[in-house]
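Asks: My questions are about this predicted structure, shown below with the sequence.
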Amino acid sequence: MRVRHYVGGGFRTDGAPFALVDPVTGGEVGTAPEAPRALVDEAVRSARAALSGEWGAASPEERSAALRRIADGIDARFEEFVDAEVRDTGKPRELAATVDIPRAAGNFRAYADLLYGRPERAYSTRVPGWSGGAGQALNYTVRRPLGVVAIISPWNLPLLLLTWKVAPALAAGNAVVAKPSEETPTTATLLAEVIHEAGLPAGAFNLVHGHGADAAGAFLTGHPGVDAIAFTGESATGAAIMRNAADHVTPVSFELGGKNPALVFADADLEAAVDGTVRSSFTHSGQICLCTERVYVERPVFDEFVERLGERARKLDGYGPMISAAHRDKVLSYYRLAVEEGATVVAGGGVPVFGDDRDNGFHVEPTVLTGLPEQARTVREEIFGPVCHVAPFDTEEEAVRLANDSEYGLAATVWTRDLSRAHRVAPRIESGIVWVNCWNLRDLRTPFGGVKASGIGREGGEYSLDFFSEPVNVCIQI
Ligand SMILES: NC(=O)c1ccc[n+]([C@@H]2O[C@H](COP(=O)([O-])OP(=O)(O)OC[C@H]3O[C@@H](n4cnc5c(N)ncnc54)[C@H](O)[C@@H]3O)[C@@H](O)[C@H]2O)c1
Ligand SMILES: O=C/C=C/C=C(\O)C(=O)O
């Protein structure tokens, strides 16, 4: 599988190759080309040209049909996409086959459908005091695409998160220049092949590979020809992108980092809360932005919850590695820091020994910690690995205060059988998403995104279509 750029309808390999590493074994599995500035500039110009050509003239029906062809193309090459995603990320095959790749096709179908259900508003206007009925008018709103949209995506759910932005951007009639993570470029290349085969006009979708700072990512987000930026990644990266785009006042949509809390009340179904927290803390080895890293448990059930969660963490197997040696080292540095800060390690805290080639990979043990103060760095900073810290609380007020005591606010889970409590507590949690007695149960029409350092704006349904288009109000005097 050759990783290639896709610019102006053609596949390219401009730029120096950089190595791709299999996170499971640590072995080199290929290379990808590092897009030079000139290629990023060519991609932006190709996108601009597409807007004044066939793609800019396409009707919503034609755009919707194109999105459906892309979804069908992903389905047709399903196994190839799964193989590529597993090779790039090291995630369990079952996860790529049931989440990442089906959701990618689903993202395109969701926005193909949403294009039709999109009402536009009109107002019959009568402004008093205008002579001879001159104050009578019809006001209606239409939406125009933003233009050339830069999309920058992360390595944890590479195809899911890339297509979660590409689908609505194309649905709204924009032309796209996408830059996937340098860690996981392969499924993005396959997507470009599918889009090419689906017959989208040249320049409607462009793909450039490479690194972020001082490289393809920065060339793109600082480009004067870019009309909007949709980014998913670390909060610090979001700040760097904002600085880089500030001179052009480029609108941004940011899905950033998190330090997500779980609240477990004493009346909860404890087994369900343990099961749910095993999923929410250890799925994809904690490398999902929605993962739980802080767990607060009402004191009467605290000891039992900690014992059960620790036992489940110790028994976990078949989990994948961290995406890279650098990320593995970052997570292990937090395991050491936790002990230095006084944590009790209930489970994990180190590196597993498999006795096979995985020992050359980037695995870390699923880890459960307790005993730290709320001000500990381990409790405040995003780790983005298979680790959570569990602490007790005594009252509902205290639980909400603990959950909200973070610079982040992306997602939270609440475990309780008391529905009145669920409806009281959930809206008070400072995050964009609150799951009650479940985790990561997704309806693509709902608003998705974070508050505070976790993001700017929302994705999903109308929210994405609103970001990727400009409303124009037309007032016709009658
Ligand atoms: N909120 C969400 O929906 C969500 C989803 C997934 C991941 N994340 C967050 O993403 C992070 C993990 O992903 P990551 O390590 O790929 O994030 P990252 O910020 O390191 O990189 C994300 C993307 O940005 C690019 N990039 C990096 N520096 C850049 C710069 N200066 N200018 C332009 N582009 C730049 C990278 O090449 C990559 O494509 C975690 O913090 C996680 O919480 C958030
Ligand atoms: O790692 C973050 C996961 C984000 C998931 C979504 O954006 C989604 O489910 O739409």
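Replies: That came through fine. Ligands and ions are numbered 1, 2, ... in the order given.

Asks: Report back the residue of this structure that's furthest from centre.
Replies: Of all residues in the chain, Gly132 has its C-alpha farthest from the mean position, at 55.4 Å, by CA atoms, centre = their mean.

Asks: quick one: that residue is in a helix?
Replies: Yes. Under DSSP: H, G, I helix; E, B strand; the rest coil, Gly132 falls within a helix.

Asks: from the stretch 151-300 of the chain, which residue is nearest to ligand 2?
Replies: Cys289 (3.3 Å; CB to the nearest ligand atom). Every residue, glycine included, has its C-beta placed from N, CA and C.

Asks: SS state for Glu293?
Replies: strand.

Asks: Roughly how far does it sit from Val226?
Replies: Applying CB to CB, to the nearest Å, the value for Glu293 to Val226 is 33 Å.

Asks: ok, those two, which is more surrounded?
Replies: Glu293 (28 against 22; other CB atoms under 10 Å).

Asks: Could you report the neighbour count for the closest residue to Val364 other than its chain neighbours?
Replies: Distance criterion CB to CB, 6 or more residues apart in numbering; nearest residue to Val364, sequence neighbours excluded, is Val331 at 5.2 Å. Residues within reach of Val331, counting by other CB under 10 Å, total 21.

Asks: can you pull the contacts of Val331?
Replies: 322, 364, 383-387 (CB atoms under 8 Å, 6 or more residues apart in numbering).

Asks: Kindly indicate which of those lies nearest ligand 2.
Replies: Phe384 (9.1 Å).

Asks: What score does that closest one have for pLDDT?
Replies: We have a pLDDT of 98 for Phe384.

Asks: if I pick it, what's in contact with it?
Replies: 156, 257, 286-287, 291, 327, 330-331.

Asks: do the same with His211
Replies: By CB under 8 Å, 6+ apart, the neighbours of His211 are 18, 34, 182, 217.

Asks: so the last one makes contact with Pro180?
Replies: Spelled out, it's Gly217. No. Judged on CB atoms under 8 Å, Gly217 makes no contact with Pro180 at a distance of 9.9 Å.

Asks: between these two, which one's more packed in?
Replies: Higher neighbour count among Gly217 and Pro180: Pro180, with 30 against 27, using other CB under 10 Å.

Asks: So what does the more buried one look like in phi/psi?
Replies: phi -80, psi 170 (degrees, to the nearest 10).

Asks: can you check the one 5 residues further on too?
Replies: The phi and psi torsions at Pro185 (degrees, to the nearest 10) take the values phi -90, psi -10.

Asks: now Glu62
Replies: phi -70, psi -40.

Asks: does any part of stretch 222-234 sit near ligand 1?
Replies: Yes. Using CB under 6 Å from any ligand atom, stretch 222-234 reaches ligand 1 at 232-234.

Asks: what does the stretch 201-350 of the chain put close to ligand 1?
Replies: So far as CB under 6 Å from any ligand atom goes, the stretch 201-350 of the chain lies against ligand 1 at 211-213, 217-218, 221, 232-234, 237, 240-241, 255-258, 289.

Asks: Mind checking which of these are buried?
Replies: Buried members of these, counted by 16 or more other CB atoms under 10 Å: 211-212, 217-218, 221, 232-234, 237, 240-241, 255-258, 289.

Asks: Going by neighbour count, list what's buried in stretch 64-82.
Replies: Going by neighbour count (16+ other CB under 10 Å), the buried part of stretch 64-82 is 64, 66-71, 73-74, 77, 80-82.

Asks: Strands - which of the residues of stretch 222-234 next to ligand 1 land there?
Replies: Members of those lying in strands (criterion: DSSP state E): Thr232.

Asks: would you turn the residues of stretch 222-234 next to ligand 1 into a markdown table with distance to Thr344 and pLDDT?
Replies: Listed next are the residues of stretch 222-234 next to ligand 1 as a markdown table, based on distance: CB to CB, whole Å; pLDDT from 0 to 100:
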| residue | distance to Thr344 | pLDDT |
| --- | --- | --- |
| Thr232 | 34 | 98 |
| Gly233 | 32 | 98 |
| Glu234 | 29 | 97 |
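
Asks: Pass me the low-pLDDT residue ranges in the stretch 151-300 of the chain, would you?
Replies: Within the stretch 151-300 of the chain, not a single segment meets pLDDT under 70.

Asks: Which residue ranges of it form strands?
Replies: Secondary structure of the stretch 151-300 of the chain (DSSP state E, counting those that start in this stretch): strands located at 175-179, 205-207, 228-232, 252-255, 260-264, 292-298.

Asks: So which of the ones you listed is the most surrounded?
Replies: strand 205-207 (a mean of 30; mean count of other CB atoms under 10 Å).

Asks: May I have the phi/psi pair for Ser52?
Replies: In terms of degrees, to the nearest 10, the main-chain angles of Ser52 are phi -100, psi 10.

Asks: what about it, how many residues close to it?
Replies: 11.

Asks: Distance of it relative to ligand 1?
Replies: Per CB to the nearest ligand atom, to the nearest Å, Ser52 is found 27 Å from ligand 1.

Asks: Which pLDDT value belongs to the closest residue to Val353 other than its chain neighbours?
Replies: Closest residue in space to Val353, ignoring its immediate chain neighbours: Asp359 at 6.4 Å, by CB to CB, 6+ apart. Note on Asp359: pLDDT of 98.

Asks: just checking, the residue nearest to Val364 is part of a helix?
Replies: Yes. Using three-state DSSP, the assignment for Val331 is a helix.

Asks: Assign a three-state SS to Leu369, would you?
Replies: strand.

Asks: What about it, how many residues nearby?
Replies: So Leu369, with other CB under 10 Å, has 29 neighbours.

Asks: And it, how far from Glu197?
Replies: Counting by CB to CB - Leu369 and Glu197 are separated by 48 Å.

Asks: just to revisit the earlier point, including distance to Arg4, could the contacts of His211 go into CSV?
Replies: What follows is the contacts of His211, written out as CSV (distance: CB to CB, whole Å):
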residue, distance to Arg4
Phe18, 14
Glu34, 12
Glu182, 14
Gly217, 18
